[in-house]
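# let's see this in three dimensions:
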Amino acid sequence: MEDWKEELDELLQQEQQQRESRERGVQQRKNATEQNRKKAIDFVNDVCLRAFRELEKGFQERTIPVELHVEPTGSSISIQVGRQGEEGTEIRQFQYVVNVSSNASGIEQEVVTSGGKHRIQKAARTLSVDEITKDDVIRDFMQAYKRTFSFQQKL
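So this is what the prediction gives:
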């Protein structure tokens, strides 16, 4: 009748192994989430901020008001451009926001403008934050900026 003790020991050992495996999985997801969070913040603070600084300089050189804002969490960056209308009669503004979210499975980027939401793409393919360069952000900004003001002129 001693077999039951061995069987119980095996069962308890299996339970312990499963618990340890779950704990390792939880820790791996936490590590991946933290790693992706840091990559997302780096993307905003490096790639996007460098692009926005270049855009800011270009608009300022043309005496067009511009304002940058980086969320303290590093999850969002925006540039707002005020553009004076013809003969100084109206002020047109354009806002371009890059939102970044991350979790254990990856990092998502989304651009929000007055024209809607989209993702930064190249050759009709959505880019991951690892692939996006400063020039990609500037190109995407200019495309959205042109679309917004060419649409407004037609109204």
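
# pLDDT of the top helix by length along the chain, averaged?
Longest helix in the chain by number of residues (criterion: DSSP state H): helix 3-42. Helix 3-42 carries an average pLDDT of 91.

# may I ask which helix or strand encompasses the spatially most central residue of the chain?
Against the mean C-alpha coordinate of the chain, by Cα atoms, centre = their mean, the closest residue is Val100 at 2.2 Å. In the assignment (DSSP states H and E), Val100 maps to strand 91-103.

# what lies in contact with that strand?
33, 36-37, 39-41, 43-44, 48, 74-85, 107-114, 120, 129, 137, 141, 144-145, 148-149, 152 (Cβ atoms under 8 Å, 6 or more residues apart in numbering). (C-beta placed from N, C-alpha, C; glycine too.)

# buried residues, that strand. List them.
For strand 91-103, a neighbour-count test (16 or more other Cβ atoms under 10 Å) marks 94-100, 102 as buried.

# cool, stretch 11-25 as well?
Within stretch 11-25, no residue counts as buried by 16+ other Cβ under 10 Å.
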